[in-house]
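A.B. asks: The sequence isn't on hand, but the structure is:
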């Protein structure tokens, strides 16, 4: 029914003539999109309603007043700035380390033919696929026994330290990025590094000087993905961080569920605040993100 | 240090397999670090604990007082789990239902969305963002949304339809209620993965199929889908792993009880928290590992084959 | 605990309250200096203040707290303010949300716990004492003993007879109702089981849910199990059952479940999907007539509704036992084995056990009853007075199922078991035999 020319796929979205099937498609997509947004929109709507309003009229009702009171309360009661800062302390270094480690392993595996390439890839990729609960006790016990200098960890142990959380996230996520990057690096022409090697460049020179800059698109995509995953992590923080004021932001949501009193509107506001960074990151970097995913998904 | 140059031909004159490599001593150190450091981190924090969990599953230990207080009891934990633990078989059933749902409903829907959005329509970027939105939300938030939507007295669903169904408290329906929102998230995830794959298909391929005069479904089935084999593998594995890893949403709804039991929940309930039955929980964890290993091996085997063919 | 904390940007309500402490002490001291007639030049007043407090114990003690709700959190803050003013010892608080604190307790106590932490009496206390994770505080109790009734003293001891715990308050579980509803419909308070059933029938005919009932969280239903067991089989059997010394598939436990089944038709629909707050709402909105819960349910009632709220002791079932027992969990504090500032910790514990501290706490959080004999009962509201009377008149006080038995049994066996019972109330035999098998596996016999 439609013909595709090679040029079409490189052009940005263009208007197509409205055939009946297109109208149906659009209708379907619009309806689905609205349904898709409904739960989130509902949470956002609830967040703007004061508790007294919903206590009196129920949640499914027209608002008698809308205000930002829940946001103000969530901000201070859940200590959002502090916990957001904690999340950044954990997430940002973790991303850097993950990408560094993954790129290193991917480089070795894609540029050299060592006997251990495939086992190594398996080693890393499989690590990423295990459920978290499977390793929690030994990790916890280990963390209690690993002593660290106080400039690295306030508590003197790997337990209840930022570096401990960074480390476990790095270990857990490196596999996925290794996989993606090794596929990506395989697509980089060998001639580049050949030339450098013939010129006598060392491995580190090749790696940092040639490969890494070429991987920027992949790094951008992976950084967005990893930011989302690590920032949203809930499990590791709850288990390995005992100090309330060092916990990242997702666990601060549970702090708003009181022992005696749960204010859903307040939690809705807090949820919106917690979700904003990931939504913003994704919104701003969507294109890089999608193109980056292409890299790990296909092989030549 | 001395440099080593591998000869590019064997002793009998046949070309040596692999590339000829000239590696200086400094290069060796660099390579060793590049592989070694990640190896230590992942090995020490993932693989060592995994084997430790397997070992612990044969002990009875309450986690207090150091590992020396653990008592070796052989397969007793496994026997108890399989025979007298009321939550175990329901959890297995629920994980299987979760897997079935993701495989038969959520993933295909994600594929469907991806295929439609790939058609270059107006606003496809907008739709993309909308459908992907639940994926960037933390499970903590999604768990909360589940409560907001399904609460019998204060929830959206009962409010709109005027019903008072006990969505989350009735064990015969609460899993399905939760799965609706799980699918909401999973479909978006699959959609993005698949979109990426679709965009990478050689347009000439699709052009050829279109010229053949074949219908849309026919060309999808015979041309597009097979061309996406690598991404298909990824999607199958992601689907299976997500089903096995399912934990957060259910935990936040009701700690995974009363119809929402899952294997990961059982592990957590026994290990973390005051229960602290480390050996027992580790046995359930090992069962989880055993089941997860299968898709992992499938995936790895396929990737291995792909890289051999490349 | 450690000195190098990262700066806490943002609100003063951060659990890290050191800055506020210091400012308060200096301001208080400057005031004291002025009172001594010294010229209040800023520097000299501060010098005097620091020397004044240097002569008393100028240390720090760390406090692990599960009081994450704003009301108890503030109440504790007031107590610590008074403590610091009295002794000069600063209290460094680490607050973790209530549920997480409890769940993490094993890892917490073995990791890097604070010196003193909030905890509960009962087996939950004795378990950790037995594992050597707590410091015995017999010396603290030397001064505290005369201030507490025997029931509270016993609740503070470990299985080895040593003291490990300092109580601060308790709250009983009882059947709550709205006085206005009872008056309007002419209901009378039931004293026996038959009277209760009759009342339920009347309420149902009047269009009310007779007994609000919620068990989404898993623990509220334990209150009903406890009280039925104590009413039917007596306190001693109940405690022995909790300690794993009795069978679960015997006739006594079966009788408890069978009796419970009689009342299930009169309880809230969809109980397994309702949180206790929603149950309180049912009582508040006059949709339900009664609600068996701890007195903390009062936190959901304000103003005129609070005045309308009342409770009565659960009806008697077996005349042999009457209404002699009550579930009245006791909250308090213990000292970790790994405590670093032991002197200051014991100082804090002594203060926390005092009537003065309890008075300060209860002023901000008035839903509980002070444990100390000398607490100021004249300030009690109606609920507190009744609660204190109920506890005082009970021969036996239990701590609630999940505090009286092993934590792994309570959470992994009993919660699912009770939920199973609520789903299938007719299969009691199957239920109790499953519980017995698991109990054997956990307790070892």
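C.D. replies: Good, I have the coordinates. Nothing here was measured: the structure is a model prediction, and the numbers come from that model.
A.B. asks: Pick out the residue in chain B sitting closest to chain C.
C.D. replies: Each residue of chain B has a distance to chain C, by CB to the nearest CB, and the smallest belongs to residue B:169, at 2.1 Å. Backbone N, C-alpha and C define where each C-beta goes, glycine included.
A.B. asks: So for that residue, what's the nearest residue that isn't a sequence neighbour?
C.D. replies: Using CB to CB, 6 or more residues apart in numbering or on different chains and skipping the chain neighbours, the partner closest in space to residue B:169 is residue C:273 (2.1 Å).
A.B. asks: Residue C:418 now?
C.D. replies: Closest residue in space to residue C:418, ignoring its immediate chain neighbours: residue C:221 at 4.9 Å, by CB to CB, 6+ apart.
A.B. asks: How much space separates the one you found from residue C:274?
C.D. replies: Separation of residue C:221 from residue C:274 (CB to CB, to the nearest Å): 11 Å.
A.B. asks: can you check residue C:68 too?
C.D. replies: Spatial separation of residue C:68 from residue C:274 under the definition CB to CB is 23 Å.
A.B. asks: So between those two, which is more surrounded?
C.D. replies: Under the criterion of other CB atoms under 10 Å in any protein chain shown, the comparison of residue C:68 against residue C:274 puts residue C:274 first, with 26 against 23.
A.B. asks: That one touches residue B:168, doesn't it?
C.D. replies: No. Because the distance of 9.4 Å does not satisfy CB atoms under 8 Å, residue C:274 is recorded as not touching residue B:168.
A.B. asks: Quickly list what's touching both of these two.
C.D. replies: Shared contacts of residue C:274 and residue B:168, defined by CB atoms under 8 Å, 6 or more residues apart in numbering or on different chains, are found at B:152, C:216.
A.B. asks: The residue of chain B closest to chain C is in contact with residue C:270, isn't it?
C.D. replies: Yes. Look at residue B:169 against residue C:270 with CB under 8 Å: they come within range, at 5.1 Å.
A.B. asks: Next, show the common contact partners of the two.
C.D. replies: Counting by CB under 8 Å, 6+ apart, the contacts common to residue B:169 and residue C:270 are residue B:152.
A.B. asks: Those two: which has the busier surroundings?
C.D. replies: Ranked by neighbour count (other CB under 10 Å), residue B:169 and residue C:270 place residue B:169 first, with 27 against 19.
A.B. asks: so which helix or strand takes in that one?
C.D. replies: If you go by DSSP states H and E, residue B:169 is not part of any helix or strand.
A.B. asks: returning to what we had before: quick one: residues contacting the residue nearest to residue C:418.
C.D. replies: Residues near residue C:221 by CB under 8 Å, 6+ apart: C:213, C:215, C:271, C:418, C:419, C:422.
A.B. asks: Next: residue B:134.
C.D. replies: Taking CB under 8 Å, 6+ apart, one finds A:36, A:39, A:40, B:142, B:181, B:184, B:185, B:188 in contact with residue B:134.
A.B. asks: name the element residue C:263 belongs to?
C.D. replies: Here residue C:263 sits within helix C:251-263, counting by DSSP H and E.
A.B. asks: do that helix and chain B meet?
C.D. replies: No. For helix C:251-263, no contact with chain B is found by CB under 8 Å from any CB of the partner chain; the gap never falls below 15.5 Å.
A.B. asks: quick one: average confidence on that helix?
C.D. replies: The predicted model gives helix C:251-263 an average pLDDT of 96.
A.B. asks: quick revisit: I'd say the residue nearest to residue B:169 and residue B:168 touch.
C.D. replies: Yes. Applying CB under 8 Å, one finds residue C:273 in contact with residue B:168, separated by 4.8 Å.
A.B. asks: shared neighbours of these two, anything?
C.D. replies: Between them, residue C:273 and residue B:168 have B:151, B:152, B:174, C:216 as joint contacts when contacts are counted by CB under 8 Å, 6+ apart.
A.B. asks: so of those residues, which ones are in helices?
C.D. replies: Using DSSP state H, residue B:174 are the members of the shared contacts of residue C:273 and residue B:168 that sit in helices.
A.B. asks: Which of the shared contacts of residue C:273 and residue B:168 sits closest to chain A?
C.D. replies: Nearest to chain A among the shared contacts of residue C:273 and residue B:168, counting by CB to the nearest CB, is residue B:151 at 8.0 Å.
A.B. asks: tell me which residues of stretch B:125-136 are tucked away?
C.D. replies: For stretch B:125-136, the neighbour count (16 or more other CB atoms under 10 Å in any protein chain shown) marks B:127, B:128, B:129, B:130, B:131, B:132, B:133, B:134, B:135, B:136 as buried.
A.B. asks: Sketch out the strands for the stretch 301-445 of chain C, chain order is fine.
C.D. replies: When assigned using DSSP state E, counting those that start in this stretch, the strands of the stretch 301-445 of chain C occupy the ranges C:309-312, C:325-327, C:330-335, C:369-370, C:396-398.
A.B. asks: a markdown table for those strands, including mean neighbour count?
C.D. replies: Below are these laid out as a markdown table (neighbours: other CB atoms under 10 Å in any protein chain shown):
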| stretch | mean neighbour count |
| --- | --- |
| strand C:309-312 | 20 |
| strand C:325-327 | 25 |
| strand C:330-335 | 24 |
| strand C:369-370 | 25 |
| strand C:396-398 | 21 |
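A.B. asks: Any idea which of those gets closest to residue C:348?
C.D. replies: Ranking these by distance to residue C:348, with CB to CB as the measure, places strand C:330-335 first at 8.0 Å.
A.B. asks: Stretch C:181-201: which residues count as buried?
C.D. replies: Using 16+ other CB under 10 Å as the test for burial, stretch C:181-201 gives C:181, C:182, C:187, C:189, C:190, C:193, C:196, C:197, C:199, C:200.
A.B. asks: For those residues, work out which two are farthest apart.
C.D. replies: For those, and using CB to CB, no pair is farther apart than C:181 and C:193, which are 21.5 Å apart.
A.B. asks: Ramachandran angles for residue C:190?
C.D. replies: When quoted as degrees, to the nearest 10, the phi and psi of residue C:190 stand at phi -80, psi 140.
A.B. asks: That one touches residue C:315, doesn't it?
C.D. replies: Yes. Checked against CB under 8 Å, the pair residue C:190 and residue C:315 is within contact range at 4.8 Å.
A.B. asks: Quick check: neighbours shared by those two?
C.D. replies: What both residue C:190 and residue C:315 touch, as defined by CB under 8 Å, 6+ apart, is the set residue C:196.
A.B. asks: can you list the domain ranges for chain A.
C.D. replies: Chain A breaks down by automatic domain parsing into domains covering A:20-67, A:78-297.
A.B. asks: Generate JSON lines for those domains, with mean neighbour count and mean pLDDT as supplementary columns.
C.D. replies: Shown next, in JSON lines, are those (neighbours: other CB atoms under 10 Å in any protein chain shown; pLDDT from 0 to 100):
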{"stretch": "domain A:20-67", "mean neighbour count": "15", "mean pLDDT": "85"}
{"stretch": "domain A:78-297", "mean neighbour count": "21", "mean pLDDT": "84"}
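A.B. asks: Chain C: which of the ones you listed is closest?
C.D. replies: Proximity of the domains of chain A to chain C was assessed by CB to the nearest CB; the nearest stretch is domain A:78-297, lying at 3.7 Å.
A.B. asks: so how far is residue C:168 from residue C:388?
C.D. replies: Shown here: residue C:388 relative to residue C:168, a distance of 14 Å by CB to CB.
A.B. asks: How about residue C:445?
C.D. replies: Counting by CB to CB, the gap from residue C:445 to residue C:168 is 35 Å.
A.B. asks: who has more neighbours, these two?
C.D. replies: It is residue C:168, of residue C:445 and residue C:168, that has more neighbours when counted by other CB under 10 Å, with 24 against 7.
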